[in-house]
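Colleague: just need the structure, nothing else, for what follows:
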Amino acid sequence: MPSTTPVSDVTLEEIRYEQMKFKQEVLETLQLMRHEIKDNQEKMKKEQEKLMNEVKESYNEMIHLRGFMMTERKEVQNEQQKILREVEAIRNDLMRKDFEAKVRIAGNAANHIFHPFL
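Modeller: This is a model prediction of the structure:
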């Protein structure tokens, strides 16, 4: 016959108590871990929102600067066109004066040919 040792009620109670105590510790540890995970997720979410706001601000600033640059570019182009028109007007005036001077010189030369003593 196999030998069996009877387990006393006290020993069973102690085992149950230890199991319950262990389960309670595991539960508390899991709750702490869950709480820590939630805190970390919240921190990450806030950090992500902060980064997204920084990205949006940078994007808006870039759009503003692009608009400013486009305005400046247009103003420079307008100024260049104005200067080009002024240069063209000066060139046309010089060409007209040069032509008039040549006509005058040609006229004077013609007068000297036909009227050498005038």
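Colleague: helix, strand, or coil at Leu32?
Modeller: The three-state assignment at Leu32 reads helix, by DSSP: H, G, I helix; E, B strand; the rest coil.
Colleague: mind checking how far it is from Thr11?
Modeller: Distance, Leu32 to Thr11, by CB to CB, to the nearest Å: 32 Å. C-beta here means a position set from N, CA and C on the backbone, and glycine is covered the same way.
Colleague: repeat for Glu75
Modeller: In terms of CB to CB, Glu75 sits 95 Å off from Thr11.
Colleague: show me where this structure has its helices.
Modeller: 9-114 (DSSP state H).
Colleague: any idea how far the residue nearest to the spatial centre of the chain is from Met70?
Modeller: Per CA atoms, centre = their mean, the C-alpha nearest to the average position across the chain is that of Tyr59, at 3.9 Å. As judged by CB to CB, Tyr59 and Met70 stand 16 Å apart.
Colleague: tell me, what's the model's pLDDT at Ala106?
Modeller: Ala106 carries a pLDDT value of 82.
Colleague: how about Val10?
Modeller: pLDDT at Val10 comes out at 80.
Colleague: ok, Thr4 next?
Modeller: 56.
Colleague: ok, now Thr71?
Modeller: 96.
Colleague: ditto for the one 10 residues further on
Modeller: Looking at Gln81, its pLDDT stands at 98.
Colleague: before we move on, what about Ile113?
Modeller: For Ile113, the model assigns a pLDDT of 67.
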